[in-house]
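Peer 1: after the sequence you'll find the predicted model.
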Amino acid sequence: MKEEKTGILSERIFYNKDNFFCISVFETENEQFYAVGYLPYAEKGRRYTLRGDWKTHPKYGEQFAFTSYEEKEPETEAGLIAFLSSGMLRGIGPVTARAIVKTFGPKTMEVLNLQPERLTEVPGIGEVKAAAIIEGYQARREMADTVLELQEFDISSATAMKLYQVYGSEAADKVRKNPYQLIEDVFGIGFQKADRIARSMGIGSGDPHRIRSGILYNLGLEANSGNTFAFRKPFCEQTAGMLDVSLQEVEEVLYTAVIEGDLYADVMDGAELLYLDRFYRAEQRVAGKMLQLAHAELSHLTGDLEGMIRRMETDRDIRLSQKQKQAILTSLQNGVCVITGGPGTGKTTIIDAIMYILTSNGIRTALAAPTGRAAKRMSQTTGYEASTIHRLLEYFYSENDDNMRFGRTEENPLEYECIVIDEMSMVDILLMEGLVNAVRPGTRLILVGDADQLPPVGAGNVLRDILRSDTIHSIRLTEIFRQARESLIVVNAHLINRGEYPSYNEKDKDFFFIERNRETEILETIKDLCTRRLPSYYQDCDVLSDIQVLTPMRKGLLGSIHLNRELQAILNPPSADRNEKNLGERIFRQGDKVMQNKNDYRISWRSIRDLSEGEGIFNGDIGIVQTVDSEQGRLGVLFDEERLVQYDFSQLDELESAFAMTVHKSQGSEFPVVILPMTRFPPMLATRNLLYTAVTRARRGVILVGLRDVCSAMVDNDTIAERQSGLAQRLRKLWDLMDGQT
């Protein structure tokens with residue numbers, strides 16, 4: 001039985017405004033004690049009833065650790081004034097609070113709760129100000145009542161606030177109806193948290209809602225790992241073990257989920273597969289539309305194509321190789337074409353040549369890439385305007401569907417006759433579905449990318465699957481051009497890709513290895529490189545924008561989390577003229593380099609260049625913190641040196657530090673200088689294609705720091721974790737069907 005204590009909060013020792021965790025001193029008529037727990041809007045002078053147990057803390061001694069609370073309305077004049085002027089009600093400061101209490105005396109709370117319209121009787125409060133106070137008080141009361149009601153389910157104040165933001169006053173009813181629905185509706189609530197809430201409500205392990213949620217959760221984990229499907233038998237066995245239920249119970253709920261359309265069961269090459277419905281539909285759609293586009297009749301190009309290529313060579317003062325000419329001709333003569341190759345093989349030159357020929361023929365052409373950084377780089381290197389794929393497809397947030405949608409669809413297709421997509425290795429199956437849906441038959445679709453890069457962050461392996469299917473025209477570029485051969489970055493990338501060891505430390509070159517034996521030495525060397533050695537070596541080097549530390553892992557001394565703490569401390573240390581915001585163990589400070597860690601289609605941005613406005617910041621976008629406004633509870637971030645976004649402090653879990661980032665997160669980005677630690681990584685991360693991807697992110701310099709034998713082992717480790725994706729088989733199957741009908 002939990003103990004109950006009622007008292008007044010007399011002192012706040014610690015208070016986190018984001019999750020409401022509070023260490024405080026409480027006073028009763030007879031005693032003073034320390035209390036610890038989650039307490040929204042905790043202010044001195046407020047009176048609470050706390051429920052919890054006594055615990056001993058090594059620093060503060062005996063504490064009352066409360067798990068639920070109830071706020072008592074203030075009774076004294078001083079308590080009423082403190083309550084009203086605590087900052088929770090906008091428009092009420094100490095002066096206004098005293099005026100309200102002077103007018104209504106001990107009936108102040110009764111007026112606020114039952115007759116709030118009487119606030120206009122207070123000198124200085126007109127109808128507009130009264131309406132604002134009433135609205136704020138009622139919203140705060142509704143929130144407090146909801147948080148209190150949710151405590152019944154052992155839900156913390158922080159989680160309760162998230163639920164309130166999503167569901168409003170209906171939060172408790174939503175939880176009672178089906179706590180597992182929270183997983184789909186509320187960012188940050190996973191299966192374990194929802195399951196804990198459900199158990200507190202007495203929901204048993206065999207409840208169909210629980211089993212269904214566990215199935216969807218596990219399939220979601222497969223998608224997060226890059227797989228579009230799971231093999232049915234081992235999946236069901238693993239899910240039954242996780243849920244501690246029988247295999248038969250899982251199969252029964254699974255059958256219902258398939259009937260209702262949440263899941264799709266399929267058979268491929270004799271194996272039974274399970275798909276989340278959206279991934280099954282995406283694979284089917286991409287396969288069908290790709291082959292439709294490949295066989296459609298194309299708009300005619302006037303003139304001699306080979307003559308146009310020669311004229312382009314003259315105008316650009318370049319000489320194309322035979323393979324490059326073949327790639328250009330194949331792209332222009334077919335509905336769909338894939339061009340793949342490593343760094344220095346001339347992919348960008350081919351894009352430039354294609355654009356030259358198409359614009360000469362008056363063919364409307366779009367250039368796009370998966371990320372803003374990749375699109376910007378393509379614009380700079382070709383001279384033609386490029387956009388992100390999302391912007392090309394006119395993405396928007398649909399309130400009705402509570403999801404992202406594209407304005408360009410099969411019913412409202414793109415009005416281009418050719419579309420060129422760069423960095424195709426980053427495109428996952430859902431984005432590819434959106435793209436092909438918006439392309440009209442007869443439009444040329446040219447896909448350019450490096451198939452040896454790491455696969456996309458999202459589910460699927462689109463570029464490799466298309467190439468592996470052998471159904472779409474493709475060209476693989478292998479020749480490294482003379483100018484590119486002068487760069488050891490390019491030469492070593494190809495050596496690594498072929499399983500050969502790279503060369504280091506050649507005079508006047510751009511690829512270096514600094515040997516260090518211990519992780520602490522590697523860390524100190526990386527810090528020294530960022531603060532002293534590289535800025536002096538590259539005279540025009542900006543530490544934040546030009547130097548990027550990459551690492552294969554998130555955890556550990558040389559993982560991205562710890563590296564970010566260390567680098568923030570030396571590259572952007574605390575300063576009186578830099579505001580900052582604490583979020584748990586993380587600190588966001590003006591001048592910090594940060595990265596978006598989830599797609600947010602609803603968040604607004606404003607261009608500082610032309611004052612245009614839009615919505616959407618995407619996983620992997622990098623920016624610099626411009627402002628930290630604690631008074632307004634906002635943090636401003638400038639992305640791509642142009643788009644300014646204002647984040648509420650409650651949204652900061654969407655951001656993470658980016659002084660260091662994982663190699664996976666760096667895909668599609670290019671940095672002047674890359675630093676990569678070489679330590680004993682887990683074997684699944686110490687792979688050839690991860691090292692290759694990291695090296696190809698650099699433009700001017702690569703510095704490896706650590707153990708040479710680790711680098712050699714990564715080159716030797718050609719293990720590629722095969723993704724479970726059905727696109728290649730679907731393309732081949734459709735191709736065979738079409739071939740049999742002709």
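Peer 2: Structure's in. What do you need? Numbering: from 1, shown residues only.

Peer 1: ok, now how distant is the residue nearest to L463 when sequence neighbours are not counted from M378?
Peer 2: Among residues not flanking L463 along the chain, M424 sits closest, at 4.6 Å (CB to CB, 6 or more residues apart in numbering). In this view, the C-beta of every residue, glycine as well, is placed from N, C-alpha and C. Per CB to CB, to the nearest Å, M424 is found 12 Å from M378.

Peer 1: mind checking the SS state of the spatially closest residue to L276 that is not a sequence neighbour?
Peer 2: The spatially closest residue to L276, leaving aside those adjacent along the chain, is L219, at 5.1 Å (CB to CB, 6+ apart). Under DSSP: H, G, I helix; E, B strand; the rest coil, L219 falls in the helix class.

Peer 1: following the lengthiest helix in the chain, which helix or strand comes up?
Peer 2: Within the chain, and with DSSP state H defining each element, the longest helix by residue count is helix 127-150. Scanning forward in sequence from helix 127-150 by DSSP states H and E, the next helix or strand is helix 157-167.

Peer 1: what helices or strands is that next one leaning on?
Peer 2: On a contact count with 3 or more CB pairs under 8 Å, 6 or more residues apart in numbering; DSSP states H and E, helix 157-167 meets helix 127-150, helix 171-177, helix 181-185.

Peer 1: tabulate these (TSV), appending mean neighbour count.
Peer 2: Formatted as TSV, the helices and strands packed on helix 157-167 follow (neighbours: other CB atoms under 10 Å):
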stretch	mean neighbour count
helix 127-150	16
helix 171-177	17
helix 181-185	17
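
Peer 1: now those helices as JSON lines including mean pLDDT and distance to N582?
Peer 2: Formatted as JSON lines, these follow (pLDDT from 0 to 100; distance: least, CB to CB, whole Å):
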{"stretch": "helix 127-150", "mean pLDDT": "79", "distance to N582": "22"}
{"stretch": "helix 171-177", "mean pLDDT": "84", "distance to N582": "27"}
{"stretch": "helix 181-185", "mean pLDDT": "78", "distance to N582": "27"}
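
Peer 1: relative to F481, which of the ones you listed is closest?
Peer 2: Each of these was scored for nearness to F481 using CB to CB, and the closest is helix 181-185 (49.9 Å).

Peer 1: buried sites along whatever helix or strand comes next after that closest one?
Peer 2: The first helix or strand that comes after helix 181-185 along the chain, using DSSP H and E, is helix 191-200. Judged by neighbour count (16 or more other CB atoms under 10 Å), helix 191-200 contains these buried residues: 191, 193-195, 197-198.

Peer 1: which residue ranges of the stretch 551-700 of the chain form helices?
Peer 2: 560-571, 688-695 (DSSP state H, counting those that start in this stretch).

Peer 1: for the ones you listed, give me JSON lines that also has distance to Y15, mean neighbour count and mean pLDDT.
Peer 2: Listed next are the helices of the stretch 551-700 of the chain as JSON lines, based on distance: least, CB to CB, whole Å; neighbours: other CB atoms under 10 Å; pLDDT from 0 to 100:
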{"stretch": "helix 560-571", "distance to Y15": "23", "mean neighbour count": "19", "mean pLDDT": "95"}
{"stretch": "helix 688-695", "distance to Y15": "42", "mean neighbour count": "24", "mean pLDDT": "93"}
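
Peer 1: right, so of those helices, which gets closest to Y356?
Peer 2: Checking the helices of the stretch 551-700 of the chain against Y356 by CB to CB gives helix 688-695 as the closest, at 30.2 Å.

Peer 1: before we move on, back to that, how far off centre is the longest helix of the chain?
Peer 2: Centroid separation between helix 127-150 and its chain, computed with CA atoms, centre = their mean, to the nearest Å, is 33 Å.

Peer 1: got the contact list for it?
Peer 2: Outside helix 127-150, the residues that touch it by CB atoms under 8 Å, 6 or more residues apart in numbering are 40-41, 68-71, 88-92, 112-113, 116-117, 119-120, 125, 157, 159-161, 163-164, 168-169, 171-172, 175.

Peer 1: of those, grab the buried ones for PyMOL.
Peer 2: A single PyMOL command selects the buried members of these (16+ other CB under 10 Å):
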select buried, resi 40+41+68+69+71+88+89+92+112+116+119+125+157+159+160+161+163+164+171+172+175
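
Peer 1: which residues does stretch 267-281 contact?
Peer 2: Outside stretch 267-281, the residues that touch it by CB under 8 Å, 6+ apart are 216, 219-220, 223, 228-233, 235, 254, 261-266, 283, 429-430, 433, 459-460, 726, 729.

Peer 1: next, the buried residues of that stretch.
Peer 2: 273-276, 278-280.

Peer 1: tell me the contacts of the spatially closest residue to Q651 that is not a sequence neighbour?
Peer 2: Leaving aside its sequence neighbours, Q651 sits nearest to I603 (CB to CB, 6+ apart; 7.4 Å). I603 makes contacts with 615-617, 645, 647, 651, as judged by CB under 8 Å, 6+ apart.

Peer 1: pLDDT value on the residue nearest the centre of the chain, please?
Peer 2: The residue lying closest to the centre of the chain (CA atoms, centre = their mean) is K598, at 2.0 Å. With respect to pLDDT, K598 has a value of 80.

Peer 1: quick one: residues contacting the closest residue in space to L563 that isn't next to it in sequence.
Peer 2: In space, and not counting its chain neighbours, L563 is closest to A660: 3.6 Å by CB to CB, 6+ apart. Contact partners of A660, counting by CB under 8 Å, 6+ apart, are 548-551, 560, 563-564, 567.

Peer 1: equivalent analysis for K376, please.
Peer 2: By CB under 8 Å, 6+ apart, the contact set of K376 is 386, 640.

Peer 1: where do the helices of the stretch 251-400 of the chain begin and end?
Peer 2: Going by DSSP H, counting those that start in this stretch, the stretch 251-400 of the chain shows helices at 277-295, 305-316, 322-333, 347-360, 372-382, 389-392.
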